[in-house]
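# structural data only, the sequence is not supplied:
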C-alpha cells in the first residue's frame with residue numbers, strides 16, 4: 001500500500017528527502033508544501049539570500065542520488081579553505097584537505113526542485129504559497145491556508161515531515177504534547193548581507209577566489225565574502241547584537257564612511273548603489289534550536305533547522321540538514337520502512353548530533369580577542385603536529401567538521417574542553 005507523505009518546507013532538506021523517498025520502489029506518494037512562492041518562477045530579494053558552503057557531509061548526502069551532486073556542482077564554485085585579512089595588509093591562509101562547493105541557497109533549492117520534477121512524475125506534487133496552520137495528531141491531518149486565495153485545505157498523511165525551518169509550525173504543534181522540550185535562542189551576532197562587484201584589476205586587490213575571505217575587528221564584527229560565478233562577491237557582515245553601529249547607518253554616506261574607515265579594502269570597491277541599499281537593508285537574526293526529540297508518535301518527524309537550527313559560524317546548517325535526509329534514508333533501510341519504528345529511531349540516532357552541531361556552531365569561535373588568537377594558534381599547531389602526534393594534538397576542529405568522517409557528537413566530545421572555555425568567556429563578555 002502506498003503511503004502518503006506530507007513534507008512541510010521546500011528547502012534543501014525537505015526536497016532532498018523527497019528525492020530519497022522517490023526512489024524507494026514507489027512506496028510513497030509525496031506532497032511538498034511551502035509558504036513561499038516557487039523559486040523557479042519568482043525571483044527572490046537579495047536582501048535575505050546568502051551563499052552556503054557544502055562540505056563533504058552535504059556533498060555525500062547529494063551523491064546518494066544519481067546525478068544530483070553533479071548537477072549541483074555544475075552551478076557551484078569549488079572552495080578549499082579560508083583567508084583572514086589582517087589590518088597590516090597581511091593574510092592568514094587556512095587550507096582544507098577536501099574541496100567544498102559554494103553556491104547561493106536559492107540556486108541549490110531550484111536545482112533540487114528541477115531534478116525532482118524530472119524524476120517525480122505523478123509521484124510528487126508541489127504546493128507553493130501554502131502556509132501550514134494546524135497539525136491534528138489524532139486524525140493524522142495537516143491544514144494549510146492558500147496564501148494566493150485565502151482558501152483552506154486539509155491533507156491526510158501517513159508521514160508528516162517538518163522541514164519548515166527554525167520557526168517551524170510543525171514543531172510548534174509538539175508543544176501541546178507531554179515531555180517535549182525545545183530551547184530557542186538568538187545567536188549573539190546579527191547580520192546584514194553585502195554584495196560587491198567584480199574586482200577592478202587597477203586597484204591591485206587580490207582576494208582568493210577559491211577561499212572564503214574574512215575580515216575581523218577587535219569587537220568581533222566580521223565580514224565573510226565568497227566569490228560568485230558572475231565574478232561578483234557576496235557575503236555577510238556579522239556584528240554583536242548589542243552593538244548598534246551598523247543598524248544605525250542610515251544614509252549612503254554613513255555606510256561608505258564606515259567601511260572606508262573599518263574595512264578599507266572593501267570600502268574602496270563598495271559602490272554607492274550598494275551602500276544605499278545596505279543602509280536600508282533590514283538586520284537579520286538567526287535562531288538556534290535544541291530539542292529533546294525529533295518525532296511525535298509514530299508518524300511525525302522534524303529535520304533540518306526545525307530540529308536543530310544552528311549559528312552560521314561553521315557553515316553547517318545546510319550540511320547537517322542534508323545529512324539528516326541521508327540518515328533517515330539509512331534508517332528506512334535498516335527497519336524496512338516501518339515508519340513507527342523509523343521516526344523514533346531517527347531521534348535516538350540523531351538527537352545527540354543535533355545538540356552537538358548547535359553547541360559547536362555557537363562556541364567554536366570566541367568573542368574574546370585573546371581567545372581568537374589562541375584559536376588561530378591551536379589551528380596552526382594542529383596542522384603540523386596532529387599527523388605526527390595524534391594522541392597529543394587534535395586535528396583542526398574545522399577540518400573534522402568539514403570532512404564528515406566523525407559525527408558531530410564525536411567531534412564535540414573531542415573538543416568539549418575548548419567549547420566549555422569559549423562558552424564561559426562569551427557569556428562573561430556578553431553579560432557586561
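Here it is on my side, so go on. Given the structure is predicted, the values throughout are model-derived calculations rather than measurements. Numbering: from 1, shown residues only.
# so what's the residue positioned nearest the centre of the chain closest to, chain neighbours aside?
Centrality entry for the chain: nearest residue to the mean C-alpha point is residue 317, 2.7 Å, by C-alpha atoms, centre = their mean. Counting by C-beta to C-beta, 6 or more residues apart in numbering, residue 317 lies nearest to residue 310, which is 4.9 Å off, once chain neighbours are set aside. C-beta here means a position set from N, CA and C on the backbone, and glycine is covered the same way.
# contacting residues around that neighbour?
Neighbouring residues of residue 310 by C-beta atoms under 8 Å, 6 or more residues apart in numbering: 288, 316-317, 320, 357-358, 361-362.
# over to residue 199?
Residues near residue 199 by C-beta under 8 Å, 6+ apart: 205, 207, 231, 233, 269.
# buried among these? Make that a PyMOL selection.
Entered in PyMOL, the line below selects the buried ones among these, by 16 or more other C-beta atoms under 10 Å:
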select buried, resi 207+233+269
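# which one of the contacts of residue 199 is nearest residue 294?
Distance to residue 294, by C-beta to C-beta, is smallest for residue 233 among the contacts of residue 199, at 36.7 Å.
# pretty sure that closest one sits against residue 226.
Yes. The criterion here is C-beta atoms under 8 Å, and residue 233 meets it with residue 226 at 6.9 Å.
# any common contacting residues for these two?
Counting by C-beta under 8 Å, 6+ apart, the contacts common to residue 233 and residue 226 are residue 213.
# ok, back up a step: need the max-distance pair from the contacts of residue 310.
Within the contacts of residue 310, 320 and 362 form the most distant pair, 13.4 Å apart (C-beta to C-beta).
# name the element residue 92 belongs to?
Taking DSSP states H and E as the definition, one finds residue 92 inside strand 91-104.
# so which bits of the top helix by length along the chain are buried?
Scanning the chain for the helix with the most residues, using DSSP state H, yields helix 339-363. Buried residues in helix 339-363, counted by 16+ other C-beta under 10 Å: 339, 342-347, 349-363.
# for stretch 208-224, same thing?
For stretch 208-224, burial by neighbour count (16+ other C-beta under 10 Å) applies to 209, 211-216, 220-224.
# among the residues you listed, give me the pair with the biggest separation.
Greatest spatial distance among the buried residues of stretch 208-224 (C-beta to C-beta): 209 and 220, at 26.1 Å.
# hmm, residue 234 is touching residue 193, no?
Yes. With contacts counted by C-beta under 8 Å, residue 234 reaches residue 193, the gap being 7.1 Å.
# quick revisit: looking at the contacts of residue 310, which one is closest to residue 5?
Using C-beta to C-beta, residue 320 is the member of those that lies nearest residue 5, at 21.3 Å.
# for the record, mean pLDDT for stretch 7-22?
Here stretch 7-22 scores 98 as its mean pLDDT.
# revised request: answer the last question for stretch 287-302.
The pLDDT scores in stretch 287-302 average 97.
# end to end, how far does that stretch reach?
Stretch 287-302 has an end-to-end distance of 16 Å (C-alpha to C-alpha, to the nearest Å).
# now do it: distance to the chain's middle.
18 Å (C-alpha atoms, centre = their mean, to the nearest Å).
# for it, which residues meet the burial criterion?
Neighbour counts over stretch 287-302 (16+ other C-beta under 10 Å) mark 288-291, 293-296, 299-302 as buried.
# ditto for stretch 115-124
Buried positions in stretch 115-124, judged by neighbour count with 16+ other C-beta under 10 Å: 115-116, 119-120, 123-124.
# cool, and stretch 122-141?
Buried residues in stretch 122-141, counted by 16+ other C-beta under 10 Å: 123-124, 126-132, 135, 137, 140.
# on the three-state scheme, residue 208 is what?
State at residue 208, reduced to three classes by DSSP: H, G, I helix; E, B strand; the rest coil: coil.
# about what we covered before: residue 81: which of the contacts of residue 310 is nearest?
Nearest to residue 81 among the contacts of residue 310, counting by C-beta to C-beta, is residue 316 at 16.0 Å.
# next, that closest one: phi, psi?
Main-chain torsions, residue 316, degrees, to the nearest 10: phi -110, psi 0.
# residue 362 is in contact with that one, correct?
No. Residue 316 is beyond contact range of residue 362, at 11.2 Å (criterion: C-beta under 8 Å).
# in its sheet, what does the strand holding residue 92 sit against?
Strands that pair with strand 91-104, judged by DSSP bridges, come out as strand 51-54 (antiparallel), strand 77-85 (antiparallel).
# okay if I get the ones you listed as a markdown table plus mean pLDDT and distance to residue 10?
Formatted as a markdown table, these follow (pLDDT from 0 to 100; distance: least, C-beta to C-beta, whole Å):
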| stretch | mean pLDDT | distance to residue 10 |
| --- | --- | --- |
| strand 51-54 | 89 | 16 |
| strand 77-85 | 90 | 24 |
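# which of these sits most buried?
strand 51-54 (a mean of 24; mean count of other C-beta atoms under 10 Å).
# ok, residue 375 - contacts?
Residues in contact with residue 375 (C-beta under 8 Å, 6+ apart) are 365-366.
# and the helix or strand harbouring it, average pLDDT?
Per DSSP H and E, residue 375 falls inside helix 369-385. Mean pLDDT, computed over helix 369-385, is 84.
# need the contact partners of the helix or strand just after that helix.
Per DSSP H and E, helix 369-385 leads on to helix 397-403 as the next helix or strand towards the C-terminus. With contact meaning C-beta under 8 Å, 6+ apart, helix 397-403 is reached by 55-57, 94, 96-98, 100, 314, 316, 360, 364, 379, 382, 406, 408, 411, 414-415, 418.
# over to stretch 258-278?
Here stretch 258-278 makes contact (C-beta under 8 Å, 6+ apart) with 47, 85, 192, 194-197, 199-200, 203, 205, 215, 217, 221, 223, 225, 245-246, 249, 252-253, 255-256.
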